[in-house]
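> how would this look folded up:
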Amino acid sequence: MMVLKASFDQRRHFEAATEERLASSSTTRNTSTTKTTLTTVLGWSFGLKALAVMVLFTLFLVVLPLVLPPLPPPPPLLLFVPVLIMSVLLLLAFAPSKLPPDAVVYCC
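Residues are numbered from 1 along each chain as shown. Alright, predicted model coming up:
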């Protein structure tokens, strides 16, 4: 019964924090139109070098298959690697959690 009471307290704390966050964002938001950049919307920014490297890798992925000759098929044993990876991921997905069944996980 103690764990159930704690989860209700956590939910109350989470709801109060959410209401405070919404109230503070609505009071600080300007009603005029603001300019939003792509980095503001996505929440990240890349440097010019990192962006150039990503564009270069993209071009390699597009051009190299057209230029290089076709490769021979891999050995049959290597074809089971994706199957092995998928089976491990399925086992992890359906593995029981170590948290109690009524635990509430929240951020901030």
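
> Please measure how far the first residue of stretch 68-78 sits from its last one.
Taking Cα to Cα, to the nearest Å as the measure, stretch 68-78 stretches 22 Å from start to finish.

> How about that stretch, which residues are buried there?
Within stretch 68-78, no residue counts as buried by 16 or more other Cβ atoms under 10 Å. All C-beta spots, glycine's among them, are computed from the backbone N, C-alpha and C.

> pLDDT (mean, whole number) over the host helix or strand of Val55?
Using DSSP states H and E, Val55 maps to helix 48-67. Averaging pLDDT along helix 48-67 gives 92.

> Please enumerate residues in contact with that helix?
Phe46 (Cβ atoms under 8 Å, 6 or more residues apart in numbering).

> what comes up buried for it?
So, applying 16+ other Cβ under 10 Å, helix 48-67 has no buried residues.

> Following the chain past it, name the next helix or strand.
Next element after helix 48-67 (DSSP H and E): helix 81-93.

> Low-confidence bits of this structure, can you list those?
Along the chain, segments meeting pLDDT under 70 span 1-14, 22, 24-45, 103, 108.

> swap the cut-off to 50 and go again
1-6 (pLDDT under 50).

> re earlier: CA atoms only: put the helix holding Val55 into PDB for me.
Only the C-alpha atoms of helix 48-67 are listed here, as PDB (Å, rounded to 0.1, in the frame of the first residue of the first chain):
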ATOM      1  CA  LEU A  48      29.600  23.900 -40.800                       C
ATOM      2  CA  LYS A  49      32.200  21.200 -40.800                       C
ATOM      3  CA  ALA A  50      29.800  18.500 -39.500                       C
ATOM      4  CA  LEU A  51      27.200  19.600 -42.100                       C
ATOM      5  CA  ALA A  52      29.800  19.400 -44.900                       C
ATOM      6  CA  VAL A  53      30.800  15.900 -43.800                       C
ATOM      7  CA  MET A  54      27.200  14.700 -43.700                       C
ATOM      8  CA  VAL A  55      26.600  16.100 -47.200                       C
ATOM      9  CA  LEU A  56      29.700  14.400 -48.500                       C
ATOM     10  CA  PHE A  57      28.700  11.000 -47.000                       C
ATOM     11  CA  THR A  58      25.300  11.400 -48.600                       C
ATOM     12  CA  LEU A  59      26.800  12.100 -52.000                       C
ATOM     13  CA  PHE A  60      29.100   9.000 -51.600                       C
ATOM     14  CA  LEU A  61      26.100   6.900 -50.800                       C
ATOM     15  CA  VAL A  62      24.300   8.100 -53.900                       C
ATOM     16  CA  VAL A  63      27.200   8.000 -56.400                       C
ATOM     17  CA  LEU A  64      29.400   5.100 -55.300                       C
ATOM     18  CA  PRO A  65      26.800   2.300 -56.000                       C
ATOM     19  CA  LEU A  66      26.500   3.700 -59.600                       C
ATOM     20  CA  VAL A  67      30.300   3.700 -60.200                       C
END
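
> Sounds good, over and out.
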